[in-house]
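**Q** Got a predicted structure plus its sequence, pasted below:
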Amino acid sequence: MKKSLLFLLIATIGCKPRVFNIPTPSMEATFPVGSKIIVDYSEVPQTNDIIVFKLPSDNKTNYVFRLIANSGDSLEIDNSEVLINGRKTSPIETIQHSYILFAKESLSERYLNDFGIKDYMTSGTMVRFFATDKTYAEIRKSPLLDSIVRDRSVKGQEADYIYQGFKGQGWNPDFFGPLYIPKAGTKIKLNNTNRDFYKDILLRFENVDISEMNEYQFKKDYVFVLGDNRHNALDSRFIGFIPSENIVGKAEIFNWW
């Protein structure tokens with residue numbers, strides 16, 4: 001399946017307060033395409049807050065995702081379930097997953113839009129789409145439905161577009177980690193596995209090559225972000241850690257107009 005544009009490339013359209021436009025579906029059920037957010041610069045973002053930030057590789061464009069793990073946290077994704085420090089995270093109504101639907105007849109665009117499904121691919125009577133748990137429950141009641149299944153990744157089958165530092169672990173969108181999120185002042189033991197997790201980001205942001213090191217004490221804080229559209233977002237699973245200093249602010253207010 002050819003993926004749609006997955007980064008949320010945010011175009012600044014205002015100044016004080018700054019307003020950002022959402023042009024892509026990586027946070028679709030939370031911020032539909034075309035919605036606008038206002039960023040709060042005064043409040044320090046916490047876990048589960050939606051943040052605007054700049055990529056380590058792109059200091060000009062603004063992006064927006066959910067801050068899912070803060071510095072010092074341990075993250076794991078087990079069969080799509082996010083665990084922080086070994087505990088399941090609280091449910092978020094706007095989280096979307098990928099589904100494959102088989103209908104009794106071809107479904108029209110209007111029919112799918114009535115369920116709020118706008119980002120999808122069809123092939124005959126098969127439809128691959130992204131939906132919240134609520135939408136999934138609603139569409140299961142449809143008389144035109146033959147069957148519907150969650151489109152999950154296979155455990156141990158590595159996604160070919162996973163972040164370069166995470167390669168070789170068999171990680172994918174539904175099975176990922178465990179992974180420690182670097183926190184300033186914390187010293188960790190390095191081995192042939194976890195050294196690759198941090199090598200690129202430390203070389204870039206802390207000017208240190210840890211290739212031959214057995215331990216390292218982080219100088220800066222980093223965070224891990226996920227898109228609410230979990231199977232249609234190039235987030236930290238695919239772009240790596242985000243330095244806390246690259247966070248622009250918290251998405252505090254949003255409107256559609």
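**A** That came through, no problem. Everything quoted here is computed from the prediction, not taken from an experiment.

**Q** Only C-alpha atoms from now on, for both contacts and neighbour counts.
**A** Will do.

**Q** For the biggest helix by length in the chain, give me every contacting residue.
**A** The single longest helix within the chain, with elements called by DSSP state H, is helix 195-205. Residues outside helix 195-205 that contact it (CA atoms under 8 Å, 6 or more residues apart in numbering) are 165, 166, 208, 209, 210, 211, 241.

**Q** Enumerate every residue touching the second one.
**A** Pointing back at residue 166 there. So residue 166 contacts 196, 197 (CA under 8 Å, 6+ apart).

**Q** Now do the strands in the stretch 51-200 of the chain.
**A** Assigned by DSSP state E, counting those that start in this stretch, the stretch 51-200 of the chain shows strands spanning 58-69, 74-78, 81-84, 87-88, 97-103, 120-123, 126-131, 145-150, 175-180, 187-189.

**Q** If residue 145 is in a bridge, with which residues?
**A** Per DSSP bridges, the residues bridged to residue 145 are residue 103.

**Q** Contacts only, for it.
**A** By CA under 8 Å, 6+ apart, the contact set of residue 145 is 101, 102, 103, 104, 139.

**Q** Look up how far residue 109 lies from the closest residue to the second one other than its chain neighbours.
**A** Using CA to CA, 6 or more residues apart in numbering and skipping the chain neighbours, the partner closest in space to residue 102 is residue 126 (4.6 Å). According to CA to CA, to the nearest Å, residue 126 and residue 109 sit 13 Å apart.

**Q** For the two, indicate the residue with more neighbours.
**A** Each of residue 126 and residue 109 has its neighbours counted (other CA atoms under 10 Å); residue 126 has more, 19 against 12.

**Q** who does the more buried one bridge with?
**A** residue 102, residue 123.

**Q** in the stretch 101-250 of the chain, which spans are helices?
**A** Ranges of helices in the stretch 101-250 of the chain, per DSSP state H, counting those that start in this stretch, are 109-114, 133-139, 195-205, 236-239.

**Q** mind checking which of these is nearest residue 39?
**A** Minimum separation from residue 39 across the helices of the stretch 101-250 of the chain (CA to CA) falls at helix 236-239, 20.8 Å.

**Q** Does anything pack onto that closest one? Which helices or strands?
**A** strand 222-226 (3 or more CA pairs under 8 Å, 6 or more residues apart in numbering; DSSP states H and E).

**Q** ok now the strand it packs on, how far from the chain's centre?
**A** Taking CA atoms, centre = their mean, to the nearest Å, one finds strand 222-226 lying 9 Å from the centre of the chain it belongs to.

**Q** name the helices or strands packed onto that strand?
**A** Looks like strand 222-226 contacts strand 58-69, helix 236-239, strand 242-243 (3+ CA pairs under 8 Å, 6+ apart).

**Q** Please convert the ones you listed to a markdown table, extending it with mean neighbour count and mean pLDDT.
**A** As requested, these are arranged in a markdown table below (neighbours: other CA atoms under 10 Å; pLDDT from 0 to 100):
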| stretch | mean neighbour count | mean pLDDT |
| --- | --- | --- |
| strand 58-69 | 19 | 87 |
| helix 236-239 | 20 | 96 |
| strand 242-243 | 22 | 96 |
